[in-house]
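>>> Next one to model:
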Amino acid sequence: MFNNTIRYFSHRSSRSIGFLFALGSLLLGIWAAAIPQIKTRLGFSDATLGLTLLLAPVGALTGVIVSSYLFKKISVGKWLLAGNILYCFVFILQVAAINPVMLWISLFLTGLIGFLNGVSTNAVIDLLEKRENRHLMSTSHGMYSAGGFVSAGLAAIFYSFQMIPLWQIILVAGILVFILLTLKNDYLSYTNFIESDSAFRLPSGSVVGLAFICFVTFMGEGCVADWSAIYLKESLGSSKAAAGLGFAGFSIAMAFGRLNGDSWIPRVGSKRMAITGSLVAATGFLLAIGFATIPTAIAGFTLIGIGFSCVVPILFSAAAKVPGVSPVNGISAVASGGLIGFLAGPSMIGLVAEQYSVGAGLSIIFFLAIAAAIVAWKNDFLMNRHSKAPQVNYQDQHY
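Have a look, this model is predicted:
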């Protein structure tokens, strides 16, 4: 079942890039568990927290605009190293925020740097897929999910020892920076520059459907990351330690699906997998909010993870192969939709929660997941089975 994963970890290049996928979610899991305390410390209401979290998608949109200029000035390898070190420090500032302004600035930088990191890592994975002539995208995204599960578990352990969130993020970020520095030669070996259009463009009609599905999928993931702990603690009355279990269940289920996705998708087919996964995720949201108990909520968040697990890798692979669109521009367009959903979704939940409840906010994602299944059913770029990656000459491949 995990043969593809074993091959993935046996190869140094894919293993070092996979660590970068895990890095982002390792930081995110600590942040997600810390949100309830930060909310209380800064005196935010649900609506204020929701509006504050909008600074991250603003940063991501800024990343869309500046990426075409940045990646012409700095090689992808240098950014892989520098961008991820910066990401670690920004998360420390985010958790350490002593006033709203400090949190606003750090959230903006999180969105900006996170987008640029996402484009560069996915571009390198697309490059490796072509160089190695095998599928790596789903397993790479599985590393992100595995990191989320590990960090959620770490947060629960840290809280059981009464460790404050700031020391949690400093410890985790410090370890991650140390590993980055030990792997720096792996990243700096990518000396090529990412080629893209000279200016920001809205997604073309050929990829807008893929971008919408990614928007919904990432929105679901962002809402589980930012609101599952609050929903479990404030709406259902769970303990602090149990509040992180919703995101932990979501992450481990998503990791399991993605680590097996490079084997499943060719057999099932991209279109069928995207449709079924969206419907399974919708069922998970219904379970999480429909029964209002801690066990069913955790089970629902876990089901959301398994449902959405293979959808994003399918979308990124499809975006890299759209005729007439360069792989990087396709990935950037789909990632833009995804990151906007991931970062703006939690803000939307906050606004709805202020007027109604967190559960009412999460119910919106239920309907959007059904809409994503319909769009996947109608999308021509998900018609064929997940085809074998074409062989190319690595020396002639430029991004």
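>>> Buried residues, the helix or strand containing residue 142. List them.
Secondary structure assignment for residue 142, by DSSP states H and E: helix 137-160. For helix 137-160, a neighbour-count test (16 or more other Cβ atoms under 10 Å) marks 137-156, 158-159 as buried. C-beta here means a position set from N, CA and C on the backbone, and glycine is covered the same way.
>>> immediately after it, which helix or strand?
Downstream of helix 137-160, the first helix or strand assigned by DSSP H and E is helix 165-182.
>>> for the following helix or strand past that following helix, packing partners?
As assigned by DSSP H and E, the chain's next helix or strand after helix 165-182 is helix 184-188. Under the contact definition 3 or more Cβ pairs under 8 Å, 6 or more residues apart in numbering; DSSP states H and E, helix 184-188 sits against helix 12-41, helix 76-96.
>>> residues making contact with helix 184-188?
By Cβ atoms under 8 Å, 6 or more residues apart in numbering, the surrounding residues in contact with helix 184-188 are 12-13, 16, 77-78, 80-81, 180.
>>> farthest pair in those residues?
Within those, two members stand farthest from each other by Cβ to Cβ: 12 and 78, at 19.0 Å.
>>> Next, the angle from the helix holding residue 142 to helix 165-182.
If you take axes from the mean of the first three to the mean of the last three Cα atoms, to 10 degrees, helix 137-160 sits at 140 degrees to helix 165-182.
>>> mind saving the C-alpha coords of helix 137-160 as PDB?
Below are the C-alpha coordinates for helix 137-160, written out as PDB (Å, rounded to 0.1, in the frame of the first residue of the first chain):
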ATOM      1  CA  MET A 137       2.700  15.300  -6.100                       C
ATOM      2  CA  SER A 138       0.200  13.500  -3.900                       C
ATOM      3  CA  THR A 139       2.900  12.100  -1.600                       C
ATOM      4  CA  SER A 140       4.500  15.500  -1.300                       C
ATOM      5  CA  HIS A 141       1.200  17.000  -0.200                       C
ATOM      6  CA  GLY A 142       0.900  14.100   2.100                       C
ATOM      7  CA  MET A 143       4.000  15.300   3.900                       C
ATOM      8  CA  TYR A 144       2.100  18.600   4.500                       C
ATOM      9  CA  SER A 145      -0.800  16.600   6.100                       C
ATOM     10  CA  ALA A 146       1.600  14.500   8.100                       C
ATOM     11  CA  GLY A 147       3.200  17.600   9.500                       C
ATOM     12  CA  GLY A 148      -0.200  18.900  10.600                       C
ATOM     13  CA  PHE A 149      -0.900  15.700  12.400                       C
ATOM     14  CA  VAL A 150       2.400  15.700  14.200                       C
ATOM     15  CA  SER A 151       2.200  19.300  15.200                       C
ATOM     16  CA  ALA A 152      -1.400  18.900  16.500                       C
ATOM     17  CA  GLY A 153      -0.100  16.000  18.600                       C
ATOM     18  CA  LEU A 154       2.800  18.000  19.800                       C
ATOM     19  CA  ALA A 155       0.500  20.900  20.800                       C
ATOM     20  CA  ALA A 156      -1.600  18.500  22.900                       C
ATOM     21  CA  ILE A 157       1.500  17.200  24.600                       C
ATOM     22  CA  PHE A 158       2.900  20.700  25.200                       C
ATOM     23  CA  TYR A 159      -0.300  21.900  26.800                       C
ATOM     24  CA  SER A 160      -0.400  18.800  29.000                       C
END
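>>> Distance from that helix to the middle of the chain?
Put simply, helix 137-160 sits 12 Å off its chain's centre (Cα atoms, centre = their mean, to the nearest Å).
>>> Okay, angle between that helix and helix 12-41 too, please.
On the basis of the same axes, to 10 degrees, helix 137-160 is oriented at 40 degrees to helix 12-41.
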